[in-house]
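*Asks:* Sequence plus the predicted model coming up.
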Protein chains: 2
Amino acid sequence: MYSPLISQLIESLRVLPGVGPKSAQRMALQLLERNQSGALRLAGALTQACEKVGRCESCRTLTEETVCSLCKSTRRDASLLCIVEMPADVFALEQSGTFSGKYFVLMGKLSPLDGIGPKELGLEQLAHRFAVGEIDEVIIATNPTMEGEATAHYIAEMAKQHKLKVSRIAHGVPLGGELEFIDGGTLAHALASRREI
Amino acid sequence: MYSPLISQLIESLRVLPGVGPKSAQRMALQLLERNQSGALRLAGALTQACEKVGRCESCRTLTEETVCSLCKSTRRDASLLCIVEMPADVFALEQSGTFSGKYFVLMGKLSPLDGIGPKELGLEQLAHRFAVGEIDEVIIATNPTMEGEATAHYIAEMAKQHKLKVSRIAHGVPLGGELEFIDGGTLAHALASRREI
Ligand SMILES: [Zn+2]
Ligand SMILES: [Zn+2]
């Protein structure tokens, strides 16, 4: 029904997470009808990012710089290393504004069935940073899923070999969360991790 | 927090309808982490479409061809012209599989406050097609909004000057729609347009 180039654009938009055929169609038409300059800007941003963005040599996060700005910063405490799964986790922690150490981004979690082992997560590089002696404490902030926990456990063992202080961020009922709306797994964890007051 | 090129990509993705800061961030990271080839394909599709897609000379719909495939088709009834607001309306009607005439796409509706008058909707071109004598019947399928109705009325008057048969598609409760979930405006219209049985 649509001309070949419009059909191709609709199909290509489906590469975006959460975009089905209906919204891809709406996006394509709206861009072509009303915002071609925005569409061209998006095309340029996609091309540039794909060409230039790689991994930070120090923390593995996505960046076009050799070493990312957080790793470069001299105002952050290099003795404190927080380990997260993905770049979005760094963003979330930075938004909270309470962490002033450095990060290490695994870009995944241990998942043997998908062929993701220690090597794929840069754990040799992490072990090297543990060995160098700059780090005193490691905070593991992988997600509280089965794979995230296994990854946390693996890294904790590594850190202990280097006699580093290791902690795991707390999981439980979110502040302001109402018990009745919290899933059972979280509640079970919150109960098991209860602290005397 | 994100490097300049990633921030620029997140910002650029917000040009897409329905994409807020959170989903733009998720889209950008997911493309860079997992699907750079898809991202480059999207960039190419956007560029090509913006460069080549224009308006069909005959019906005004979006296409990279001089005359779109529906207008070119000799298997469609050229004496029957359906007038719609947007290209997506042609798609919806074609999906229904019951219309075999030709289309005219206004690419909007009369909206004097936004500076959209007869000229912007190609109504001179439409009048010319009315005058040529190929068309017998005009079906007006603009949306049942105030502006869509005003546009329908304007075009109906034009068609009558050329002694053409003019109709408006029916509006009312959709088939399978349950009354309790239909908005008041639609119900009021459905009541006012009731037919004796
Ligand atoms: Zn870094
Ligand atoms: Zn056409």
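*Replies:* Everything's here; your move. Numbering: from 1, shown residues only, chains lettered A, B, ... in the order given. Ligands and ions are numbered 1, 2, ... in the order given.
*Asks:* what sits against the closest residue to residue A:45 other than its chain neighbours?
*Replies:* What sits nearest to residue A:45 in space, not counting adjacent residues and going by Cβ to Cβ, 6 or more residues apart in numbering or on different chains, is residue B:12, at 3.9 Å. Where C-beta positions appear, they are placed from N, C-alpha and C, glycine not excepted. By Cβ atoms under 8 Å, 6 or more residues apart in numbering or on different chains, the contact set of residue B:12 is A:38, A:41, A:42, A:44, A:45, A:46.
*Asks:* what residues go with each domain of chain A?
*Replies:* Listed domain ranges for chain A are A:4-52, A:76-168 (source: automatic domain parsing).
*Asks:* Quick one: end-to-end distance for the last one.
*Replies:* Domain A:76-168 has an end-to-end distance of 20 Å (Cα to Cα, to the nearest Å).
*Asks:* is ligand 1 contacted by that domain?
*Replies:* No. Counting by Cβ under 5 Å from the ion, no contacts exist between domain A:76-168 and ligand 1, the nearest distance being 6.9 Å.
*Asks:* pLDDT averaged over that domain, what's the number?
*Replies:* What domain A:76-168 shows for mean pLDDT is 94.
*Asks:* same check, this time on the shortest one
*Replies:* Model confidence over domain A:4-52, given as mean pLDDT, is 97.
*Asks:* any idea how far the residue sitting nearest the centre point of chain A is from residue B:21?
*Replies:* Nearest to the mean C-alpha position of chain A, counting by Cα atoms, centre = their mean, stands residue A:86 at 1.4 Å. Going from residue A:86 to residue B:21 by Cβ to Cβ, to the nearest Å gives 17 Å.
*Asks:* where's the residue nearest to the centre of chain A relative to residue B:30, distance?
*Replies:* 10 Å.
*Asks:* Okay, residue A:111 and ligand 2: tell me how far apart.
*Replies:* 51 Å (Cβ to the ion, to the nearest Å).
*Asks:* Skipping adjacent residues, who's closest to residue A:88 in space?
*Replies:* The shortest distance from residue A:88 to any non-neighbouring residue, by Cβ to Cβ, 6+ apart, is to residue B:29 (5.6 Å).
*Asks:* isn't the one you found right up against residue A:85?
*Replies:* No. Contact criterion Cβ atoms under 8 Å: residue B:29 and residue A:85 do not qualify, at 11.6 Å.
*Asks:* about what we covered before: any idea whether the residue nearest to residue A:45 is helix, strand or coil?
*Replies:* helix (DSSP: H, G, I helix; E, B strand; the rest coil).
*Asks:* Correct me if wrong, but residue A:16 is in a helix.
*Replies:* No. Using three-state DSSP, the assignment for residue A:16 is coil, not a helix.
*Asks:* the strands in chain A, which residues?
*Replies:* Applying DSSP state E to chain A gives strands spanning A:54-55, A:62-63, A:77-84, A:101-105, A:137-140, A:165-168.
*Asks:* these two touch, right, residue A:150 and residue A:112?
*Replies:* No. Under the criterion of Cβ under 8 Å, residue A:150 makes no contact with residue A:112, lying 9.2 Å away.
*Asks:* which of these two has more neighbours?
*Replies:* Neighbours per residue (other Cβ atoms under 10 Å in any protein chain shown) separate residue A:150 from residue A:112, with residue A:150 holding more: 15 against 9.
*Asks:* and the residue nearest to the more buried one when sequence neighbours are not counted, what does it touch?
*Replies:* Nearest non-adjacent residue to residue A:150, counting by Cβ to Cβ, 6+ apart: residue A:110, 5.3 Å away. By Cβ under 8 Å, 6+ apart, the contact list for residue A:110 reads A:116, A:117, A:118, A:121, A:147, A:150, A:151, A:154.
*Asks:* switch the cut-off to 10 Å
*Replies:* Contacts for residue A:110 were tallied using Cβ atoms under 10 Å, 6 or more residues apart in numbering or on different chains; they are A:116-118, A:120-121, A:123, A:142, A:147-155.
*Asks:* With residue A:103 instead?
*Replies:* With Cβ under 10 Å, 6+ apart, residue A:103 has these contacts: A:56, A:58-61, A:68, A:70-71, A:76, A:80-84, A:87, A:89-90, A:93-94, A:139, A:141.
*Asks:* and residue A:86, backbone torsions?
*Replies:* For residue A:86, the backbone dihedrals (degrees, to the nearest 10) come out as phi -130, psi 160.
*Asks:* how far out from the middle of the chain is stretch A:113-132?
*Replies:* 16 Å (Cα atoms, centre = their mean, to the nearest Å).
*Asks:* Other residues contacting it?
*Replies:* Here stretch A:113-132 makes contact (Cβ under 10 Å, 6+ apart) with A:55, A:57-60, A:78, A:81, A:83, A:85, A:102, A:104-111, A:135, A:138, A:147, A:151, A:154-155, A:158-164.
*Asks:* if I pick the closest residue to residue A:93 other than its chain neighbours, what's in contact with it?
*Replies:* Leaving aside its sequence neighbours, residue A:93 sits nearest to residue A:99 (Cβ to Cβ, 6+ apart; 5.3 Å). With contacts defined as Cβ under 10 Å, 6+ apart, residue A:99 is in contact with A:76, A:77, A:80, A:82, A:90, A:93, A:139, A:141, A:169.
*Asks:* and which of those residues is nearest to chain B?
*Replies:* Proximity to chain B was ranked across these by Cβ to the nearest Cβ; first place goes to residue A:90, at 6.9 Å.
*Asks:* What is the burial count for that closest one?
*Replies:* Using other Cβ under 10 Å, residue A:90 is surrounded by 24 other residues.
*Asks:* Cheers, nothing more for now.
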